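Asker: Build the 3D model from these lines:
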Amino acid sequence: MADENLLVGFDQSDDAAVYKLSGDTAVVQTVDFFPPVVDDPYDFGRIAAANALSDVYAMGGAPRLAMNLLAVPSCLPAEAVRAILEGGADKVKEAGAVIAGGHSIEDPEPKYGLCVTGVVHPDRVLTNSGARAGDILVLTKPLGAGILTTAAKADLLSEAECRAMVAVMAALNRAAAEAAVPLAPSACTDVTGFGLMGHAREMAEGSGVTLELWPDKVPLQPRVLELARDGIIPGGAYRNRAFAGPDAEGEEAFPQALMDCLYDPQTSGGLLISIPEERAAQLLRRLSDAGVPAAAVGTARPRGEKLLRLRRG
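Answerer: Residues are numbered from 1 along each chain as shown. This next block holds a predicted model:
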C-alpha cells in the first residue's frame, strides 16, 4: 500500500529514501558499506563513512545520526578494527552528525559502512529525476578512484599519489551540497559505483531528457588518463559500459582511454548537479569559494534517440 509521506522510494534509483514527518521536516535514510579499497584501516573507515554520508547530501539533506555496519574476520587485529571505527567516527563528526551504535558480525572479508539518517525540508528534496532541458551539469570531484585503487593494489602509485587519492575519496560532499542547495538545483546525484556515465544515464532516464556530456571537460585525478591508456581498468568499468554504453552516442569521437575514465566506478565520488543555466556560473563561483574543485561537464537537452550524447565542450 502506498504511503503519501514516502516522498522518495526505490522507483527512481535515487540515492536515499525520504519520508515526510511534518510540513517542514522529512528524514533522509540511507545505508552503504563495502570491502576495503585501501590498505590503511583508518583511511578505509573515513572513505566508507564519507561514501555513506554522501547519499544524504545528494538528496539536499544534512546528516544527523549514523550507525556502524561492520563485518570483520576473527583474525583481524583489534587495533585494525578500532582504526576502522575511528576513521568512520571522525568523518561523521566532521559532517556534524553523531554515531549512536550499530551492528557487527564475523565475516571472512572485512566490510564497513554506515546507516545514516538526515533531515531535509520536504519542499527542498533533491532527486536524480528533475533535470530539465537547458540545465548545466556540474561535477564536484575529479574522476579516477577505481583506476587509482586498481593501480595502488599493483604497487603502481607512489606514497604521495596514494595520499592524494585517499584525500579525494575521504572528502565529504558537505561543502558542495551547502553551496548548491540554496540555488535550487533541478536534480542531483552522487557519482559512485556506476561511474559518471552510469549515473548520468539514470538521471537522463528519470528526468525524461538527454544528457550531453563533454568528456574533454571532465576533471580527472592525476595520472588517471595515463593509467587508463596502460590498461589499468577495474572490472566494474566494463560492467558500467555494458549498462550505459548502449544508451550513448558519440563515443567514437573520443579516445577509448578517456571514455574508460568516464565509465570508471567511483568510491565516494562527487556530486553531479543539474542546475538552470542562469544559475550555473554562480554555483561554480560558490563551489570555488568553498574549495570544491568543480567543473561544468555537460548540459541537458530535450530527449533524443539516446539518453546520453558525447560532444566536445
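Asker: where exactly do the helices run in the stretch 1-150 of the chain?
Answerer: Taking DSSP state H, counting those that start in this stretch, the helices of the stretch 1-150 of the chain run over residues 41-58, 78-94, 145-153.
Asker: looking at the ones you listed, which is closest to residue 246?
Answerer: Closest to residue 246 of the helices of the stretch 1-150 of the chain is helix 145-153 (Cβ to Cβ; 20.8 Å). C-betas here are computed from N, CA, C, even on glycine.
Asker: list the buried ones in that closest one?
Answerer: Of the residues in helix 145-153, 145-152 count as buried by neighbour count, 16 or more other Cβ atoms under 10 Å.
Asker: Equivalent analysis for stretch 35-46, please.
Answerer: Under the neighbour-count criterion of 16+ other Cβ under 10 Å, stretch 35-46 has 36-38, 40-46 buried.
Asker: pretty sure residue 194 contacts residue 241?
Answerer: No - using Cβ atoms under 8 Å, residue 194 is not in contact with residue 241; the gap is 10.7 Å.
Asker: can you tell me which residues contact residue 289?
Answerer: Residue 289 is in contact with residue 179, counting by Cβ atoms under 8 Å, 6 or more residues apart in numbering.
Asker: For it, give me the pLDDT.
Answerer: pLDDT for residue 289: 98.
Asker: Mind listing what's buried along stretch 279-297?
Answerer: 279-280, 283-284, 286-287, 292, 294-297.
Asker: circling back: which one of the helices of the stretch 1-150 of the chain lies nearest to residue 266?
Answerer: helix 145-153 (4.7 Å).
Asker: what about residue 168, distance to residue 262?
Answerer: Distance of residue 168 to residue 262, given as Cβ to Cβ, to the nearest Å: 17 Å.
Asker: typo on my end, it should be residue 235
Answerer: The gap separating residue 235 from residue 262 is 16 Å, by Cβ to Cβ.
Asker: Looking at these two, which has the bigger crowd around it?
Answerer: residue 262 (26 against 10; other Cβ atoms under 10 Å).
Asker: The host helix or strand of the more buried one: which residues count as buried?
Answerer: Using DSSP states H and E, residue 262 maps to helix 256-263. Buried residues in helix 256-263, counted by 16+ other Cβ under 10 Å: 257-263.
Asker: and of those, the nearest to residue 131?
Answerer: Taking Cβ to Cβ as the measure, residue 131 sits nearest to residue 262 out of the buried residues of helix 256-263, at 17.7 Å.
Asker: hang on, that closest one packs against residue 218?
Answerer: Yes - at 6.4 Å, residue 262 and residue 218 qualify as touching, with contact defined as Cβ under 8 Å.
Asker: Name the residues contacting each of those two.
Answerer: Taking Cβ under 8 Å, 6+ apart as the contact rule, residue 262 and residue 218 both touch 143, 196.
Asker: so where does residue 196 fall, helix or strand?
Answerer: Applying DSSP H and E as the criterion places residue 196 in helix 195-207.
Asker: Just the C-alpha atoms of that helix, please, in PDB.
Answerer: Below are the C-alpha coordinates for helix 195-207, written out as PDB (Å, rounded to 0.1, in the frame of the first residue of the first chain):
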ATOM      1  CA  GLY A 195      30.600   5.800 -12.900                       C
ATOM      2  CA  LEU A 196      29.800   9.200 -14.400                       C
ATOM      3  CA  MET A 197      28.200   7.500 -17.500                       C
ATOM      4  CA  GLY A 198      26.000   5.200 -15.500                       C
ATOM      5  CA  HIS A 199      24.700   7.800 -13.100                       C
ATOM      6  CA  ALA A 200      24.200  10.300 -15.900                       C
ATOM      7  CA  ARG A 201      22.200   7.600 -17.700                       C
ATOM      8  CA  GLU A 202      20.000   7.200 -14.600                       C
ATOM      9  CA  MET A 203      19.500  11.000 -14.400                       C
ATOM     10  CA  ALA A 204      18.600  11.200 -18.000                       C
ATOM     11  CA  GLU A 205      16.100   8.400 -17.900                       C
ATOM     12  CA  GLY A 206      14.400   9.600 -14.700                       C
ATOM     13  CA  SER A 207      14.200  13.200 -16.000                       C
END
